[in-house]
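Participant: build me a model:
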Amino acid sequence: MFKKIAVGLGVFGVFVLYSLLIRHQSPVLSKPQASAATTTGGATGSTTASGVTYKDGNYTGSVSNAYYGNVQVSATISGGKITTINFLQYPNTHSTSVAINQQAMPYLQQEAISAQSANVQVISGATYTSQAFTQSLDAALTQAKG
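Facilitator: Down below sits the predicted model:
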């Protein structure tokens, strides 16, 4: 009995380690095509480290299908930089989706703000949400480009 428990824990540990490695080594998503969305923005802008110029304002991205529900985000640009990203919609009708997204959403927000773009890595276990996030954010940032 003890051997079965030890083997089970060892397999679980390998799975967790593999999941962490995949998360940090997954290929960066290419930027998807943006679709129409709404915007309220000003004329002020500056160039980010990636060479992209954003106009200050609040920009709402398109609604993107994340298989278990829709994802839509809004981005706030201040001083020509992404300062805040808010989820307006996300998959939240099943307890599993809620648990996954509670972990994935802050990571996606932080990575996009750090990268100053929608070009972020997919989160293992939250692939559909990650892809829909990048699509919606890319649509918002397309509007913000000056």
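
Participant: for this structure, what helix or strand is lowest in average pLDDT?
Facilitator: In the chain, no helix or strand scores lower on mean pLDDT, DSSP states H and E than strand 39-47, which sits at a mean of 48.

Participant: now the element after it, going C-ward?
Facilitator: The helix or strand immediately downstream of strand 39-47 is strand 53-60, counting by DSSP states H and E.

Participant: please enumerate the strands of the protein.
Facilitator: Assigned strands in the chain, in chain order: 39-47, 53-60, 64-65, 70-78, 81-89 (criterion: DSSP state E).

Participant: CSV please, covering those and showing mean neighbour count.
Facilitator: C-beta: built from backbone N, CA, C; applies to glycine. Shown next, in CSV, are these (neighbours: other Cβ atoms under 10 Å):
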stretch, mean neighbour count
strand 39-47, 13
strand 53-60, 19
strand 64-65, 18
strand 70-78, 23
strand 81-89, 16
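
Participant: would you turn those strands into a markdown table with distance to Ile100?
Facilitator: As requested, these are exported to a markdown table (distance: least, Cβ to Cβ, whole Å):
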| stretch | distance to Ile100 |
| --- | --- |
| strand 39-47 | 30 |
| strand 53-60 | 24 |
| strand 64-65 | 16 |
| strand 70-78 | 12 |
| strand 81-89 | 13 |
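
Participant: to Gln103, which of those strands lies closest?
Facilitator: strand 81-89 (13.2 Å; Cβ to Cβ).

Participant: that closest one pairs with which strands, parallel or anti?
Facilitator: strand 70-78 (antiparallel) (DSSP bridges).
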